[in-house]
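In: one predicted model, sequence on top.
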Amino acid sequence: MRKEIYITDYNCVTPLGFDVSSNWNALLKGKSGVALHKIIENQEPFYASMIDSEKLEEEFYRCFDETQKKNFTRLEKMFLLSLKPLVERHSISDETAFILSTTKGNISLLKNKTALPEGVFLSNLAQKLADFFGFKTKPIVVSNACVSGVMAIAVSKNMIQAGKYKDAFVIAGDEISEFVVSGFNSFQAIGTEICRPYDKNRDGINIGEAAAAVYITSELNQNEKFSFKILGDSAINDANHISGPSRTGDGLFASIKNAMTEANIPVEKIDFISAHGTATIYNDEMEAIAFNRMELQNAPLNSMKGYYGHCLGASGLLESIISMESALKNTLIPSKNFEETGTSQSLNIIKENKPAEIKYILKTASGFGGCNAAIVLEKC
C-alpha cells in the first residue's frame, strides 16, 4: 500500500502581505497587488504585481538577527522570509528533502556583468538556502517554466512515496526583472491594462513576484492544525510549440485525467478548480477546452492572476496555498476582473466571495514548451 502524503503547513510572501493571514484578509477585501510600476529605465510604467522593497527590507531585518543578514539578494530574502516560520515549526532530519522551484532565480545578477556570477546558477541558489537553514540532504531544483510550483509538490510526493525521504520543505519564488519583462514583451504577451483572466476584453498578462513555502510529510502528528492529502498528480508535455499552448488542450487534459485517475475520485467530486488563467487569449481558451473535455465546466473556478499577476515559478505553489486556505475558510474567492466570458466554451467562473464546502481541489498549471501539470488535494 502506498504511503499517504500530506501538506500540513505553508507560508507566503507577496505584495499583499508577508504571511498567509495578511494575504487572505486582503483577498477577502478584493485587494490586488497589481499596480503601475516603472521597471525598465527607458520604458513607461506598466501593470505588474511587485513587492515593496523597503517593506521587504524592514521585514527581513525584523525577522533575522545581525549575523544572518549579510550577502543576500532581494530574491533570497523573499525565500528566507517565506520558509523561516515552517523551519521553526518542523524539524529537519537526515531524511528531509529541500526542493526549490523557480524559473529564473537570481537572473538579475547578470545585469551589467561580463562573467557569470556563481549566484546565478540555480543549484548554487538552492544550496545557499539549504545551508542557511541546515538541511542535510542535497537540494533538488524544479525549473520547468510556469508549471514548476505545481510540479515541485508532485516531485516531493513521489519521492516520499518512493522512500527517498520522510518529509520535505518545498519553496518557490521568482522576482520581476528586466530580463523577465523583456522576454514576455518579445512574445507581445504583457497586457496594457490590469489582467482579466477568461474575460472577453483580456489583452495579456501582468508579471508578478512572490515566494511561497509548504511542508509535506507522510507522518501526521497531533500538533498539525490542518492537513491536505495529495491524492494525485501528473505532468504532461504535449510539445505543441515553444510558447503557444495546444489549441485542443491535449497536454492539460491528459494531466488532469492522469491526476484524477490516481486520486480515484470522479470529476463530480471536485469542489473547486484553481486554474492557471494568465489572461492571454490562447492560454485561457486552451484551458476552457481542456476543462470541458474533462466535463469540469460546472466546477467553480478562479484564477489568482488578477491579484498577484503571473509569479512564474512561484505561481503554482502560491495558488495552491490560497486554494487550501479557501478550503479551510469554506470560502470561494472570485476570479478578479472577470465580467464577460471570453472563451469559446463555458466555465463556472467565481464572481464574488461565496461560502462553500470545499473538500476536493484541482490545481492546474501550464507553461512554455508545452508543459502542463495538475494535482488533486483533499482536505482531511
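Out: Structure received.

In: quick one, what contacts the closest residue in space to residue 352 that isn't next to it in sequence?
Out: Counting by C-beta to C-beta, 6 or more residues apart in numbering, residue 334 is the residue found nearest to residue 352 once chain neighbours are left out, at 5.2 Å. Heads up, the C-betas are built off the backbone N, CA and C, glycines and all. By C-beta atoms under 8 Å, 6 or more residues apart in numbering, residue 334 lies in contact with 30, 302, 350, 351, 352, 353, 354.

In: what would these look like in JSON lines with secondary structure and neighbour count?
Out: Below are the contacts of residue 334 laid out as JSON lines (DSSP: H, G, I helix; E, B strand; the rest coil; neighbours: other C-beta atoms under 10 Å):
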{"residue": "30", "secondary structure": "coil", "neighbour count": "13"}
{"residue": "302", "secondary structure": "strand", "neighbour count": "29"}
{"residue": "350", "secondary structure": "coil", "neighbour count": "21"}
{"residue": "351", "secondary structure": "coil", "neighbour count": "14"}
{"residue": "352", "secondary structure": "coil", "neighbour count": "8"}
{"residue": "353", "secondary structure": "coil", "neighbour count": "13"}
{"residue": "354", "secondary structure": "strand", "neighbour count": "12"}
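
In: return the member of those residues nearest to residue 86.
Out: Among the contacts of residue 334, residue 302 lies closest to residue 86 (C-beta to C-beta), at 25.4 Å.

In: what sits against the residue lying closest to the closest one once chain neighbours are set aside?
Out: Excluding the flanking residues, the one nearest residue 302 by C-beta to C-beta, 6+ apart is residue 335, at 3.9 Å. Neighbour list for residue 335: 197, 198, 277, 301, 302, 303, 306, 349, 350, 351 [criterion: C-beta under 8 Å, 6+ apart].

In: next one: residue 319
Out: Neighbours of residue 319 in contact, by C-beta under 8 Å, 6+ apart: 149, 274, 304, 308, 363.

In: would you turn those into a markdown table with pLDDT?
Out: Below are the contacts of residue 319 laid out as a markdown table (pLDDT from 0 to 100):
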| residue | pLDDT |
| --- | --- |
| 149 | 98 |
| 274 | 98 |
| 304 | 98 |
| 308 | 98 |
| 363 | 98 |
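
In: what's the farthest-apart pair in those residues?
Out: Every pair of the contacts of residue 319 checked by C-beta to C-beta; the farthest is 308 and 363, at 14.5 Å.

In: helices or strands up against the helix or strand of the chain with the lowest mean pLDDT?
Out: Using mean pLDDT, DSSP states H and E, the weakest-scoring helix or strand in the chain turns out to be helix 178-186, at a mean of 81. In terms of contacts (3 or more C-beta pairs under 8 Å, 6 or more residues apart in numbering; DSSP states H and E), helix 178-186 is packed against strand 207-208.

In: check which element follows the strand it packs on along the chain.
Out: Sequence-wise, the next helix or strand downstream of strand 207-208 (DSSP states H and E) is strand 210-217.

In: can you count the residues close to residue 242?
Out: 9 (other C-beta atoms under 10 Å).

In: where does it fall, secondary structure wise?
Out: Using DSSP H and E, residue 242 is not contained in any helix or strand.

In: between the contacts of residue 334, which is nearest residue 375?
Out: residue 302 (16.2 Å).

In: wait, what's in contact with the closest one?
Out: Per C-beta under 8 Å, 6+ apart, neighbours of residue 302: 272, 273, 274, 275, 277, 332, 333, 334, 335, 349, 350.

In: the second one: how many residues sit nearby?
Out: Read that as residue 273. 26.

In: please apply the same query to residue 29.
Out: 9.

In: any idea of the pLDDT on it?
Out: pLDDT for residue 29: 98.

In: same question, residue 68
Out: For residue 68, the predicted pLDDT is 73.

In: report the secondary structure state of the residue lying closest to it once chain neighbours are set aside.
Out: Excluding its sequence neighbours, the residue lying closest to residue 68 (C-beta to C-beta, 6+ apart) is residue 132, at 7.6 Å. The assignment at residue 132 comes out as helix when based on DSSP: H, G, I helix; E, B strand; the rest coil.

In: can you check residue 170 too?
Out: strand.

In: check contacts around it.
Out: 99, 101, 152, 153, 156, 213, 214, 215, 216, 317.

In: shouldn't residue 143 be in contact with residue 122?
Out: Yes: using C-beta atoms under 8 Å, residue 143 is in contact with residue 122, at 5.9 Å.

In: so which residues of the stretch 201-350 of the chain form helices?
Out: Along the stretch 201-350 of the chain, the stretches classed as helices by DSSP state H, counting those that start in this stretch are 250-263, 281-293, 305-308, 315-329.

In: what of the stretch 1-150 of the chain?
Out: 20-28, 53-63, 74-89, 122-133, 148-161.

In: and the third one, how far out from the chain middle?
Out: Pointing back at helix 74-89 there. Computed by C-alpha atoms, centre = their mean, to the nearest Å, the separation of helix 74-89 from the middle of its chain amounts to 16 Å.

In: mind checking how far the closest residue in space to residue 53 that isn't next to it in sequence is from residue 50?
Out: Leaving aside its chain neighbours, residue 53 sits nearest to residue 74 (6.7 Å; criterion: C-beta to C-beta, 6+ apart). Counting by C-beta to C-beta, to the nearest Å, the gap from residue 74 to residue 50 is 11 Å.

In: neighbour count winner among the two?
Out: Per other C-beta under 10 Å, whichever of residue 74 and residue 50 has more neighbours is residue 50, with 20 against 16.

In: where does the spatially closest residue to residue 158 that is not a sequence neighbour land on pLDDT?
Out: Nearest residue to residue 158, sequence neighbours excluded (C-beta to C-beta, 6+ apart): residue 233, at 7.3 Å. You'll see residue 233 listed with a pLDDT of 98.

In: mind showing which ranges of the chain have poor pLDDT?
Out: 1, 67, 114, 187, 243 (pLDDT under 70).

In: per-domain residue ranges of it.
Out: 6-217, 228-379 (automatic domain parsing).
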